[in-house]
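**Student:** Got a predicted model here, sequence first, then my questions.
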Amino acid sequence: MKMFKEFDLVGTSSGKIGVGLIEEPYGPGSNNVATVGISLAGKMDEPDWKIHIPKENIDSVIEALQEVKSEL
């Protein structure tokens, strides 16, 4: 995994959010994906939650997050 950005998870004492790239996550020949992981303990090598987002879905996820942000 190639980590692009890691930052503090607001509202926790040591939590982190990490955004990265995973090459061939489902085996040889599978498409690369963006990944977002959250670790409450700040250990990004052992995230509590993680998602994989195919390249084709990134723009839709960003749009949805922007909509949610406007409601917060």
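**Tutor:** Received, thanks. Residues are numbered from 1 along each chain as shown.
**Student:** just for the protein, where's the confidence low?
**Tutor:** Within the chain, the set of residues satisfying pLDDT under 70 is empty.
**Student:** most centrally placed residue in it?
**Tutor:** Nearest to the mean C-alpha position of the chain, by CA atoms, centre = their mean, lies residue 36 at 0.7 Å.
**Student:** my read: that one touches residue 18, true?
**Tutor:** Yes - in this structure, residue 36 is within contact of residue 18 by CB atoms under 8 Å, at 7.2 Å. For glycine as for every other residue, the C-beta is placed from the backbone atoms N, C-alpha and C.
**Student:** Please report how far residue 51 lies from residue 33.
**Tutor:** Going from residue 51 to residue 33 by CB to CB, to the nearest Å gives 9 Å.
**Student:** Any chance you could list what contacts the host helix or strand of residue 36?
**Tutor:** Here residue 36 is covered by strand 33-39, with elements defined by DSSP states H and E. With contact meaning CB atoms under 8 Å, 6 or more residues apart in numbering, strand 33-39 is reached by 1, 9, 15-22, 25, 44, 46-55, 58.
**Student:** what's across from the residue nearest to residue 51 when sequence neighbours are not counted in the sheet?
**Tutor:** Spatial nearest neighbour of residue 51, excluding adjacent residues (CB to CB, 6 or more residues apart in numbering): residue 36 at 5.2 Å. Residue 36 has these beta-bridge partners by DSSP bridges: residue 19, residue 51.
**Student:** re earlier: flag every buried residue along the strand holding residue 36.
**Tutor:** For strand 33-39, burial by neighbour count (16 or more other CB atoms under 10 Å) applies to 33, 34, 35, 37, 38, 39.
**Student:** Which residue, other than its chain neighbours, is closest to the first one?
**Tutor:** In space, not counting the residues next to it along the chain, residue 33 is nearest to residue 52; the distance is 4.2 Å by CB to CB, 6+ apart.
**Student:** Perfect, I'm done here.
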